[in-house]
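>>> Pasting the sequence and the predicted model now:
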Amino acid sequence: MQTTRDVVDIITGGWRAQALYTAVKLRLPDHIAAGHASDAELAKATGADEEGVHRLMRLLVAMGVFEGSESTGYRGTPISAALLDAPQSLSDMCLLYGEEFYSAWGHAHHAISTRSSGFEAAFGRPFYEYLGHDADVTRRFQRTLNAASMFFHQVPEVFDFSGKKVVDVGGGGGHLLATVLGATPDARGILFDREHMMAKAREHLSATVGLDRTELVAGDMFEGVPEGGDVYVLCRVLAGWDDEAVVGVFESCRRAMADSSSRLLLLDRFVEDENSTVLPALWDMHLLMTTGGAHRTVERITRLLDRAGLDVVGRAELPMENTALVAAPRP
């Protein structure tokens, strides 16, 4: 019986995810936080059918998303609090994963059989091209990345940025660089990313650490990176690219380093082929579904660094099974 229950729990995982997505789509966490505690009140607030709301709430309470019942009134939990419309909310993640990414996973058999993107099979174009044509999805994707940055605050604890010029390659909206500079008052930073990221990064850096300690440079990491940095940071930007492209980025960072004391800091989730845990393996599959990319093992990334004249000299574990690798230029 336990085996049957285990199988049922696995195959109904998608149903649970869609229930949570629907809760966020209807803004149930916000409505309950505002005091709408009954099926009738939630139905009126959302415009949904009252019986449908009742059945959804029964499931969400059983899942621990909410507490209470129709008779006692519904109440929020730490899970629903994480889904409120607020900074660092996970609500955009739920919407993105419940819509576009859920459709991509619907093509899992095709993606695995052909080692190609399930997203492209579902939407007829690559994921990043799709982002360029849908501003709403782009906004949700960027907020999802920001919300998933729960390990950023520990990065200054595992690497000493004191007095250093930090180049955040593919730095996105500037959240990691702002965290590093905020924790290291004597460090300076360069945020390097494509032109379309500059406005959002400038807004965030200006509001957090100030633009007097930061420089924003637009460009393509496959064509070169800013020179003279003491630390080059690559945070979650390599998984969508093949080995040759990644070696090219490593070589660009190696050439641009200020001197032999400079370092390359890789922040990513790596997979293990032996005794793997679920989260890295699951995220690796998700990359296949969305971009056709893949996570690498530490051994594989070490070989690519070696080809670029870089040696791994340090490693530290970060929350949510992320890892920091430090590489130094080979003399």
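Yes, it's here.
>>> The closest residue to E100 other than its chain neighbours: what's it in contact with?
Nearest residue to E100 in three dimensions, chain neighbours excluded: V137, at 6.2 Å (Cβ to Cβ, 6 or more residues apart in numbering). Quick note: C-beta positions are derived from backbone N, CA and C, even for glycine. Contacts for V137 (Cβ atoms under 8 Å, 6 or more residues apart in numbering) come out as 96, 100, 130-131.
>>> Tell me which stretches of the stretch 101-250 of the chain form strands.
Listed in chain order, the strands of the stretch 101-250 of the chain (DSSP state E, counting those that start in this stretch) span 165-169, 188-193, 214-218, 231-235.
>>> can you put those in a markdown table and add mean pLDDT, distance to L282 and mean neighbour count?
Below are these laid out as a markdown table (pLDDT from 0 to 100; distance: least, Cβ to Cβ, whole Å; neighbours: other Cβ atoms under 10 Å):
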| stretch | mean pLDDT | distance to L282 | mean neighbour count |
| --- | --- | --- | --- |
| strand 165-169 | 98 | 26 | 25 |
| strand 188-193 | 97 | 27 | 24 |
| strand 214-218 | 96 | 34 | 17 |
| strand 231-235 | 98 | 20 | 26 |
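>>> Compile the contacts of V137 into a markdown table and extend it with columns for pLDDT.
Below are the contacts of V137 laid out as a markdown table (pLDDT from 0 to 100):
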| residue | pLDDT |
| --- | --- |
| L96 | 94 |
| E100 | 95 |
| Y130 | 90 |
| L131 | 83 |
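>>> which one of the residues you listed is nearest E321?
E321 lies nearest to L96 out of the contacts of V137, by Cβ to Cβ, at 20.7 Å.
>>> Report pLDDT for the residue nearest to that closest one when sequence neighbours are not counted.
Nearest residue to L96, sequence neighbours excluded (Cβ to Cβ, 6+ apart): R140, at 4.6 Å. R140 is assigned a pLDDT of 87 by the prediction.
>>> Apply the buried test to the contacts of V137 and list what passes.
96, 100, 130-131 (16 or more other Cβ atoms under 10 Å).
>>> How about stretch 103-115, which residues are buried there?
Here stretch 103-115 shows 104-105, 107, 111 as buried, counting by 16+ other Cβ under 10 Å.
>>> quick one: which of these is nearest to R55?
W105 (24.3 Å).
>>> check contacts around that closest one.
Contacts of W105 by Cβ under 8 Å, 6+ apart are 14, 118, 286, 289.
>>> Which of the residues you listed fall in helices?
14, 118, 286, 289 (DSSP state H).
>>> ok, so of the residues you listed, who is nearest A147?
H286 (15.7 Å).
>>> what's around the residue nearest to that closest one when sequence neighbours are not counted, how many residues?
Of all residues not flanking H286 in the chain, F101 sits nearest, at 7.4 Å (Cβ to Cβ, 6+ apart). F101 has 22 neighbours, counted by other Cβ atoms under 10 Å.
>>> and the gap between F101 and L131?
13 Å (Cβ to Cβ, to the nearest Å).
>>> swap in R58?
36 Å.
>>> Can you give me every residue that contacts the residue nearest to H286?
Contacts of F101 by Cβ under 8 Å, 6+ apart are 119, 286, 289-290.
>>> Do I have it right that R315 meets T323?
Yes. R315 lies in contact with T323 (Cβ atoms under 8 Å); the separation is 6.6 Å.
>>> Between these two, which is the more surrounded one?
It is T323, of R315 and T323, that has more neighbours when counted by other Cβ under 10 Å, with 18 against 13.
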